[in-house]
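S.K.: Can you look at this prediction? I've put the sequence above it.
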Amino acid sequence: MPKILHFLYLFYITSSIYACATVRGNVKNTSDADKFTTAAPQVETSLVDVDLPTPQLMTIYRDSLLLVVNNLNRNPHHVRVFDIGQKKAVNNILPASQRRGGTLAFMSFGISDSLVWVFDVGKNGFIVANIDTVLKGNAGIDYYSEYRITPQVFYYDAMLLNRNEALLSGNYDTDGKLVYINFLDSTRNKQLLSYEQDTNIGSSRVNKMSYESFMLLKPDKTKLLLACRYSDQLELLDIGNGKHKKIKGPVGFLPKLAPFENNAGVTEATPGRETQYGFLKGHVTTNYFYLLFSGYSFQSFHRFYGNRIFVYDWEGNPVKEINLKNDIVDFSVSSDDKTLYTLNPQTKVISSSALKW
């Protein structure tokens, strides 16, 4: 099955199948929420209306620009750029196109050093551009480069480190829980984390899918965080020395996904009646990593949204729980940890608020 069709098929199954079987790990089901300091809900001030039908992702650049991804895009570009000081849209980047340099559909998006990038699930590779160059004007696809991944397999998350290196996670057909690749020298490619050596997962494809995680990288690129979608488990990897540890989240619940058989006769996993969503999105600064938490069940309309952000230091210690008055779909934080920007999926408005420590 072509990769993009496989992705759409999984999305359809996720939306329509319910089952009673569950998948469990061995993380203790106890609460650590009391380890976080809490405060009254943030007092937010409306900053700008994004004027996009389905805003889904947001990131900050140099504390002055907010880049917002529009899901199910019908616009000529996938990302709209907003100037925080001017409180208005100033540009669009990442052209939607099947041609080389254009973007079809993607799940992973970010900024690494001077590069803005997406991992395109249709092209099975990264679409990359120098961010300062494309921000200067309405730059076309000729300003974007492609870095294809071979062989063509599904990865749940991908992260570009620079023009030569990337991290990939969630290849359910191999033992590669987390792999490093080098575009210039494939002999340097290596596996950083193994499914087989994870006592919660082993070789089970169902377990691999149940512990799906997205990646966050510390700004100095020394540490990597894996945050689970269907539980509140975290994993922290020191990239330099390889030290790795699991961290229990604020609630401590386990993934409960329902097995099903795909068209090829392979048993996979999908959210079902008992599934609870864990971490949704994240943002990093030099001092902390921030995680938007759902806690909603599969049957809730709000399952992809959250109104609590949990803050940890880079040793994995709980620091703070940020409470919001409304559900959001994504957020960003200034590099000095003083300002929070939130994206409301219902009002389509970005708001700002001061963080108090």
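M.R.: Sure, I can see it. Residues are numbered from 1 along each chain as shown.

S.K.: Give me the residues contacting the longest strand along the chain.
M.R.: Of all segments of type strand in the chain, defined using DSSP state E, the longest is strand 318-328. Residues outside strand 318-328 that contact it (Cβ atoms under 8 Å, 6 or more residues apart in numbering): 32-33, 35-42, 44, 250, 288, 290, 292, 302, 305-313, 340, 342-346, 355, 357. Bear in mind the C-beta positions are built from the backbone N, C-alpha and C, glycine included.

S.K.: and with 6 Å instead?
M.R.: 35-38, 41-42, 302, 305, 307-313, 342-344 (Cβ atoms under 6 Å, 6 or more residues apart in numbering).

S.K.: and stretch 248-265, which residues are buried?
M.R.: Residues of stretch 248-265 classed as buried by neighbour count (16 or more other Cβ atoms under 10 Å): 248-260.

S.K.: Inside strands: which ones of those residues?
M.R.: Checked against DSSP E, the buried residues of stretch 248-265 include these in strands: 248, 257-260.

S.K.: in stretch 85-94, what counts as buried?
M.R.: So stretch 85-94, judged by 16+ other Cβ under 10 Å, has buried residues 89, 91-94.

S.K.: Stretch 142-149 too?
M.R.: Buried residues in stretch 142-149 (16+ other Cβ under 10 Å): 144-145, 147, 149.

S.K.: What's the end-to-end length of it?
M.R.: 20 Å (Cα to Cα, to the nearest Å).

S.K.: mind listing the strands in the stretch 151-300 of the chain by residue range?
M.R.: Under the criterion DSSP state E, counting those that start in this stretch, strands of the stretch 151-300 of the chain are mapped to 157-160, 165-169, 176-182, 190-194, 213-217, 223-228, 233-238, 244-248, 257-261, 267-271, 279-284, 288-293.

S.K.: Now do whichever helix or strand comes after the last one: everything it contacts.
M.R.: What that stands for is strand 288-293. With elements assigned by DSSP states H and E, the helix or strand that comes after strand 288-293 is strand 306-313. Residues outside strand 306-313 that contact it (Cβ under 6 Å, 6+ apart): 250, 280, 288-294, 319-324, 327.

S.K.: returning to what we had before: want to try a markdown table for the buried residues of stretch 142-149, with pLDDT as columns?
M.R.: Compiled in a markdown table, the buried residues of stretch 142-149 are given as follows (pLDDT from 0 to 100):
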| residue | pLDDT |
| --- | --- |
| Y144 | 97 |
| S145 | 96 |
| Y147 | 95 |
| I149 | 90 |
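
S.K.: Including distance to E268, could those residues go into a markdown table?
M.R.: Listed next are the buried residues of stretch 142-149 as a markdown table, based on distance: Cβ to Cβ, whole Å:
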| residue | distance to E268 |
| --- | --- |
| Y144 | 33 |
| S145 | 33 |
| Y147 | 28 |
| I149 | 21 |
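
S.K.: Tell me the one of those residues nearest F183?
M.R.: Y147 (5.5 Å; Cβ to Cβ).
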